[in-house]
Structures are given as structure tokens and as C-alpha cells.
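> Provided below are the primary sequence and the corresponding predicted coordinates.
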Amino acid sequence: MQKMDKLEINNLTLGELQGILQQDQIPRFRAAQIFRWIHKNGVNNPWEMTNIPQTLKNYINERFYFTVLELVTKQVSRDGTVKYLFRLNDGCTIESVLIPEQTRVTICVSSQVGCAMGCTFCATGSAGFERDLTAGEISRQIELISAESDGITNVVFMGMGEPLHNYRSVLRAVEIMNCSEGMNLGLRRFTISTCGIVPRIYQLADENDQIGLAVSLHAADDAKRKSIMPIAGRYSLAELMAVCRYYCDQTKRRITFEYALIQGFNNGLSDAKALVELLAGLNCHVNLIPINPVQVQYKRPRQHVTREFMNYLVQHQIPASIRRERGTDIDAACGQLKQATREDLNEDS
Ligand code: SAH
Ligand code: SF4
């Protein structure tokens, strides 16, 4: 075999692995065996793949490397939410969250180390962008967590990063997790949450009609939205709504809009009215999230204000609910995920 750079084996779809093995004159059926070991059984080296010959194990070892995701800490919240901190091969760290509920078990995954979108209310955004995750690093989060918690029903891209800013790797990870030789998770179990990268939403609508979409709105007025979400300076609400309508038409799926309520900023009657006008006639659901105060200047409204806001939407034919808080005591709630500090890693400064 010619000397070449090693490939990250966890990052390959079954089709790609088959293609590479074929090129290297290895029987095609071996690809499914290897893929199963990695993505179904969570094995992360060739030596434990008991049904393949030694020569093939040596070949795998020379041709590929395995994704590194080392568990650093695991914190369990009072409400059962679990936050995992993983270290990657270059020392970067990411967080993932397991949310067990009565009727479903959700994993919230990261798609990037940090985030380049700079939303002012978000801990991930405030820390800046480090790098994209590979599809191997994305799918490995779910494989490791589901190895210790059966019955995963949903995967949401609501951890660190903007998934549509790492579009190819996110969709590749979904393909890997969807593969029947791997985790075999149905496409409808996935939801991608985005701050609103309009061209990528068009692309998503054109390329799939199964994956769920959540759009982080947070304000129904361009100027307000711009003041907390830089992406709103790039794409207006009119453009964002146009692509949301396109997505609904193409996929026949309901869109979720996330709206973080910030006291005195976006929780008034005029805000609720603007939101109703913006979303009228769209097949959608609004998820109201009392803001998690990662920045001191943002406070959540009082409970009755949040409820009144929701009632106004519902009375005006916009389905809405208030997201129940999960894992706040371990900083695992929306917008609280970030890279590890030395303290998290138990290192001396
Ligand atoms: N980048 C994507 C997905 C990750 S953030 C996005 O922005 O949609 C997941 C959700 O948490 C988004 O709706 C985001 O707006 C929200 N969020 C971020 N910071 C928050 C905070 N401090 N309080 C409540 N929700 C927050
Ligand atoms: Fe990035 Fe989403 Fe946080 Fe905005 S809210 S900075 S897009 S992770």
C-alpha cells in the first residue's frame, strides 16, 4: 500500500468506507462489519473487532485513525439531566447533554467548538469560534452517551455551535447515525436548530424532507433582533420568513421557533403582536425559553409575564409552550454550554 495520510474512520459513511476498501482490494462486505463495530457497538480500535482477520486489523490500523472523544467529567442534575464534557484529540473540549423525560430521551449535541455567530446572550457565542467538529466527532457524542443510556429517541443540534455553519459535517453525521448498519436512528428523530443562515435553510429544505428544523428568532423586529444576534444584520426577518415558508412547503413539516424571553426587551404586548403578525399562517410552534442569565444584563421575566405572553400567542392561533427548564444547576441549559476552564479539567494554572 502506498504511504498516505490516515483517514478518520468514524467520519466515513458506509458507502465511502465500501469505496475505500474496494480501492484497496478488500472485499466490500467487510465495510459493513467494520461500520457495525464502530457505530453500533462503539468499538474504537481494530483489535476488538473479533470477526475480522488479523491482516485486516493491521490494514485498518495503518490506513485509518479513530475519533478521540475522551470523557473528562459527567455531571448529573437534580432533574436527571446529565452533562458530559469531552476532550478531543487536539485538546479542545465540547459539551453534550442527555435529557431523559417520561416519554422521550433526548441528546443535545455540539456541532462546533465554540460558535462564530456571536449572539450576545449565549455563553458559547461569547467565547468565540475555535473549529468545526467532524462528523465522526458529532456521531461519537451520541454513540458514547447512548452506550450508557438506552432508548435514545431524539437528537437535537442545540449544543455548542451553529449546525448550519458546519452544514456538510452535520448532515454527514446524520447519515452515519441513520444508517441501518449503525445506530439506525430515523431521520425524523433529528432536529437542527439554527440562528437563521438563510441559504443553508434553502439547501436543507432541498436536500431532505425529514429532519426537523428549529429557528432561533428571539425578536420579531429587525432592529431588536440585530441588537442581540449579529446574523440578523446579514439576513432580514423578511428573508428568514420567506425561507421558513419555503421549508414548510417543501417538507410539509412544522417549524419550531425558539424565543428566549428577556425582561424589558422582547416580552411586551407589542412584541407579542409583532410575533403573531410575523408567524401568521405558518405551520409552526413557538417555544418560549425564559432566558438563562449568562450575561448579567439579561433577566428573565416573572412567571406570570411569560404565561401571559404565551396566552396571547395561543389566543391568536400561534401554538406556543414554555420550555421547561432542565439542568440549570449544572449549567446544562440552553446557551450555557462552553469550552472547559482549567478548573473543569482539574488542571493547575
Ligand atoms: N446555534 C444554534 C443552536 C445552538 S443554541 C441556534 O442558535 O439555534 C440552542 C438554543 O439555545 C438556541 O435557540 C439559542 O438561541 C438558545 N440560547 C442561547 N443562549 C441562551 C440563553 N442564555 N438562554 C436561553 N436560550 C439560549
Ligand atoms: Fe451560536 Fe446559537 Fe449561541 Fe448564537 S445562540 S452564539 S448561533 S450557539
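Nice, thanks for sending it over. Note that the structure is predicted; figures quoted are calculated from it, not measured. Numbers count the residues shown, from 1 in each chain. Ligands and ions are numbered 1, 2, ... in the order given.

> For the rest of this, base every contact and every neighbour count on C-alpha atoms.
OK.

> can you pull out the strands in the stretch 51-200 of the chain?
For the stretch 51-200 of the chain, the strands defined by DSSP state E, counting those that start in this stretch cover 64-65, 69-76, 82-88, 93-100, 105-108, 112-114, 129-132, 154-157, 190-194.

> which residue does the protein bring closest to ligand 2?
residue 125 (3.3 Å; CA to the nearest ligand atom).

> Surely that residue and residue 113 touch.
No: applying CA atoms under 8 Å, one finds residue 125 not in contact with residue 113, separated by 10.3 Å.

> Return every residue with contacts to both of those two.
When contacts are counted by CA atoms under 8 Å, 6 or more residues apart in numbering, residue 125 and residue 113 are jointly contacted by residue 161.

> Identify the residues contacting the helix or strand bottoming out on mean pLDDT in the chain?
In the chain, the helix or strand scored least confidently by mean pLDDT, DSSP states H and E is helix 123-126, which has a mean of 88. The contact list for helix 123-126 (CA under 8 Å, 6+ apart) reads 114-120, 160-161, 294-295, 335-339.

> Likewise for stretch 192-211?
156-158, 162-165, 167, 187-191, 212-217, 231-232, 235, 239-240, 243-244, 246-247, 250-253.

> Inside helices: which ones of those residues?
Those of the contacts of stretch 192-211 mapping onto helices are 167, 239, 240, 243, 244, 246, 247, 250, 251, per DSSP state H.

> Next to ligand 1, which bits of the stretch 51-200 of the chain? Give me the list.
By the rule CA under 6 Å from any ligand atom, the part of the stretch 51-200 of the chain lying against ligand 1 is 121, 122, 158, 159, 160, 161, 162, 193, 194, 195.

> Measure how buried residue 255 is and give me the count.
21 (other CA atoms under 10 Å).

> cool, and residue 91?
11.

> With residue 149 instead?
Residues near residue 149, counting by other CA under 10 Å, number 12.

> mind checking how far it is from ligand 1?
Applying CA to the nearest ligand atom, to the nearest Å, the value for residue 149 to ligand 1 is 22 Å.

> ok, that residue to residue 334 distance?
21 Å (CA to CA, to the nearest Å).

> which stretches of the protein form helices?
14-23, 29-39, 54-63, 123-126, 135-147, 167-178, 198-207, 222-228, 237-251, 269-279, 303-315.

> would JSON lines of these with distance to residue 101 and mean neighbour count be doable?
Formatted as JSON lines, the helices of the chain follow (distance: least, CA to CA, whole Å; neighbours: other CA atoms under 10 Å):
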{"stretch": "helix 14-23", "distance to residue 101": "32", "mean neighbour count": "16"}
{"stretch": "helix 29-39", "distance to residue 101": "25", "mean neighbour count": "20"}
{"stretch": "helix 54-63", "distance to residue 101": "39", "mean neighbour count": "15"}
{"stretch": "helix 123-126", "distance to residue 101": "25", "mean neighbour count": "23"}
{"stretch": "helix 135-147", "distance to residue 101": "15", "mean neighbour count": "22"}
{"stretch": "helix 167-178", "distance to residue 101": "22", "mean neighbour count": "21"}
{"stretch": "helix 198-207", "distance to residue 101": "29", "mean neighbour count": "17"}
{"stretch": "helix 222-228", "distance to residue 101": "31", "mean neighbour count": "16"}
{"stretch": "helix 237-251", "distance to residue 101": "27", "mean neighbour count": "18"}
{"stretch": "helix 269-279", "distance to residue 101": "29", "mean neighbour count": "16"}
{"stretch": "helix 303-315", "distance to residue 101": "22", "mean neighbour count": "16"}
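
> Make TSV from these and add distance to residue 74 to it.
Listed next are the helices of the chain as TSV, based on distance: least, CA to CA, whole Å:
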stretch	distance to residue 74
helix 14-23	31
helix 29-39	22
helix 54-63	30
helix 123-126	19
helix 135-147	11
helix 167-178	23
helix 198-207	33
helix 222-228	31
helix 237-251	37
helix 269-279	38
helix 303-315	31
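
> Up against ligand 2, what does the stretch 1-150 of the chain have?
Residues of the stretch 1-150 of the chain lying near ligand 2 (CA under 6 Å from any ligand atom): 115, 117, 118, 119, 122, 124, 125.

> Mind pulling up the pLDDT for the most centrally placed residue in the chain?
Geometric centre of the chain, nearest residue: residue 157, 1.4 Å, by CA atoms, centre = their mean. At residue 157, the model reports a pLDDT of 98.

> beta partners of it?
Beta-bridge pairing for residue 157 (DSSP bridges): residue 192.

> What separation do you get for it and residue 209?
17 Å.

> Out of the strands of the stretch 51-200 of the chain, which one sits most buried?
Burial of the strands of the stretch 51-200 of the chain is given as mean neighbour count (mean count of other CA atoms under 10 Å); strand 112-114 ranks first at a mean of 27.

> Which elements pack onto it?
If contacts are counted by 3 or more CA pairs under 8 Å, 6 or more residues apart in numbering; DSSP states H and E, strand 112-114 sits against strand 129-132.

> who does the strand it packs on touch, helix- and strand-wise?
Judged by 3+ CA pairs under 8 Å, 6+ apart, strand 129-132 is in contact with strand 112-114.

> any idea of the mean pLDDT for the strand it packs on?
For strand 112-114, the mean pLDDT works out to 97.

> Same question for stretch 333-343.
72.

> Show me which pair in the residues of the stretch 51-200 of the chain next to ligand 1 is furthest apart.
Spanning the widest gap among these are 121 and 193, at 16.1 Å by CA to CA.
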